[in-house]
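J.: Model the following, please.
(one chain, ligands or ions: 4)
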Amino acid sequence: IKDSYGKRYAWFDDSMREALLEQQEIVNEMEFALRDGQFITYFQPQYNYETGKMIGAEALVRWQHPRKGTILPNKFIPLFERNGFISRLDEYMWEQVCIQLKDWERKGLNLVPISVNVSRRDIYNPHLVGNILSLLQEYELSPEMLHLEITESAYTQNAEQLVNTVNLLRIHGIEVHMDDFGSGYSSLNMLQNVPVDILKLDMRFLGGDYKDERSGNILNAVVRMATALRLPVLAEGVETKEQAEFLRSIGCLLMQGYLFSRPMAVEDFEKLLDGSQTV
Ligand code: C2E
Ligand code: CA
Ligand code: CA
Ligand code: CA
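T.: Ligands and ions are numbered 1, 2, ... in the order given. Have a look, this model is predicted:
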């Protein structure tokens with residue numbers, strides 16, 4: 001007994017050490033990686049399922065590591081949120097998106113608004129709104145071209161400051177989307193008092209299994225309530241035609257997910273911009 005216990009304990013120790021080393025490596029490399037342009041913007045289109053038109057896209061970060069290849073955000077974003085580096089990365093991402101929009105405009109492509117992610121840390125930065133507005137000004141972009149995604153759980157923290165910030169953004173014509181709606185709890189009654197333009201409903205959190213009657217009912221109820229509050233719902237993580245059809249049947253027409261497209265490198269995404277922008 002002692003032996004196997006000892007072994008398990010040692011194994012646990014090893015994997016802990018490995019994880020810590022990996023984290024240390026990320027911390028050692030992040031500054032250089034940012035300066036070196038290793039953080040790349042991918043784009044995932046968002047569609048109106050009824051018309052088939054692309055209505056926008058979400059910018060998602062990828063770390064193109066010279067040795068390790070492409071690293072997905074779940075490997076580094078939680079760490080960056082803890083050590084504060086997320087604020088630098090996000091500002092970098094927002095600027096990259098502005099540069100990209102400007103470039104597409106110069107190329108004469110039909111632009112769609114791009115949604116960027118705003119970490120909960122960024123929201124409490126008193127310079128957030130000013131920084132975003134200067135970016136738009138610097139690249140001469142209309143505020144409608146940049147949408148901000150703020151995660152639902154941020155809305156449950158310092159509600160007052162968040163509401164003020166979101167109000168200010170919207171006064172300046174910048175849409176705010178509530179990300180990961182349905183992952184938290186206080187969301188339903190909160191919706192009445194919170195300023196937001198679109199609810200992003202993650203199929204993986206809420207009623208992803210639309211065939212299950214209860215999940216289907218929850219999805220249906222959320223969409224109805226949002227409609228009653230005049231809030232458009234964008235379903236993300238839509239992977240199957242059945243899910244899309246079900247969403248359509250309950251009046252949720254805006255969608256994003258693997259069914260339509262994975263997040264794409266800019267060269268591929270660009271090709272969607274000059275055409276008719278349909279699925
Ligand atoms: P998120 O904001 O909820 O972004 C959606 C995630 O779902 C993305 O994962 C996307 O690739 C994935 N996804 C989209 N459609 C589907 C689908 O049909 N099925 C499944 N299984 N997944 C789908 P990704 O790119 O790995 O990003 C993970 C999270 O990392 C994001 O979740 C977001 O919270 C965070 N993140 C990504 N880029 C940034 C960034 O630039 N700044 C900040 N602060 N966070 C970011
Ligand atoms: Ca998001
Ligand atoms: Ca989300
Ligand atoms: Ca998220």
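
J.: Write out the residues of the protein neighbouring ligand 2.
T.: Neighbours of ligand 2 within the chain, by C-beta under 5 Å from the ion: 117, 149, 179. From N, CA and C alone the C-beta is placed, and that goes for glycine too.

J.: Now do the host helix or strand of the last one: everything it contacts.
T.: When you say that, I think you mean residue 179. Residue 179 is part of strand 176-181 when elements are defined by DSSP states H and E. For strand 176-181, contacts defined as C-beta atoms under 8 Å, 6 or more residues apart in numbering pick out 115, 117, 147-153, 155, 166, 169-170, 187, 194-202, 205-206, 222, 233-234.

J.: make it 6 Å
T.: Applying C-beta atoms under 6 Å, 6 or more residues apart in numbering, the contact partners of strand 176-181 are 147-149, 151-152, 166, 169, 196-202.

J.: Show the contacting residues for the residue of the stretch 1-150 of the chain at minimum distance from ligand 3.
T.: Residue nearest to ligand 3 within the stretch 1-150 of the chain (C-beta to the ion): residue 149, separated by 7.1 Å. Going by C-beta under 6 Å, 6+ apart, residue 149 touches 115, 117, 177, 179.

J.: what do you get for residue 65?
T.: residue 71.

J.: all strands for the stretch 51-200 of the chain, in order.
T.: With DSSP state E, counting those that start in this stretch as the criterion, the stretch 51-200 of the chain has strands at 54-65, 69-71, 114-118, 146-151, 176-181, 198-202.

J.: Buried residues of the one helix or strand residue 218 maps to, list them for me.
T.: Per DSSP H and E, residue 218 falls inside helix 213-228. The neighbour-count check on helix 213-228 (16 or more other C-beta atoms under 10 Å) flags 216, 219-220, 222-223, 226 as buried.

J.: Let me know the closest of the residues of the chain next to ligand 2 to ligand 1.
T.: residue 117 (3.6 Å; C-beta to the nearest ligand atom).

J.: Got the confidence number for the residue nearest the centre of the chain?
T.: Nearest to the geometric centre of the chain sits residue 117, at 4.7 Å (C-alpha atoms, centre = their mean). Note for residue 117: predicted pLDDT of 98.

J.: Repeat that for the one 5 residues further on.
T.: For residue 122, the model assigns a pLDDT of 92.

J.: shouldn't it be in contact with residue 90?
T.: Yes. With contact defined as C-beta atoms under 6 Å, residue 122 counts as touching residue 90 (5.5 Å).

J.: how much space between residue 153 and residue 120?
T.: 7 Å (C-beta to C-beta, to the nearest Å).

J.: try residue 139
T.: 26 Å.

J.: same check, this time on residue 72
T.: Residue 72 sits 20 Å away from residue 120, going by C-beta to C-beta.

J.: returning to that earlier point: using TSV, lay out the strands of the stretch 51-200 of the chain together with distance to residue 108.
T.: Putting those into TSV (distance: least, C-beta to C-beta, whole Å) gives the following:
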stretch	distance to residue 108
strand 54-65	17
strand 69-71	30
strand 114-118	17
strand 146-151	20
strand 176-181	28
strand 198-202	28
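
J.: Any idea which of those strands gets closest to residue 83?
T.: strand 54-65 (15.3 Å; C-beta to C-beta).
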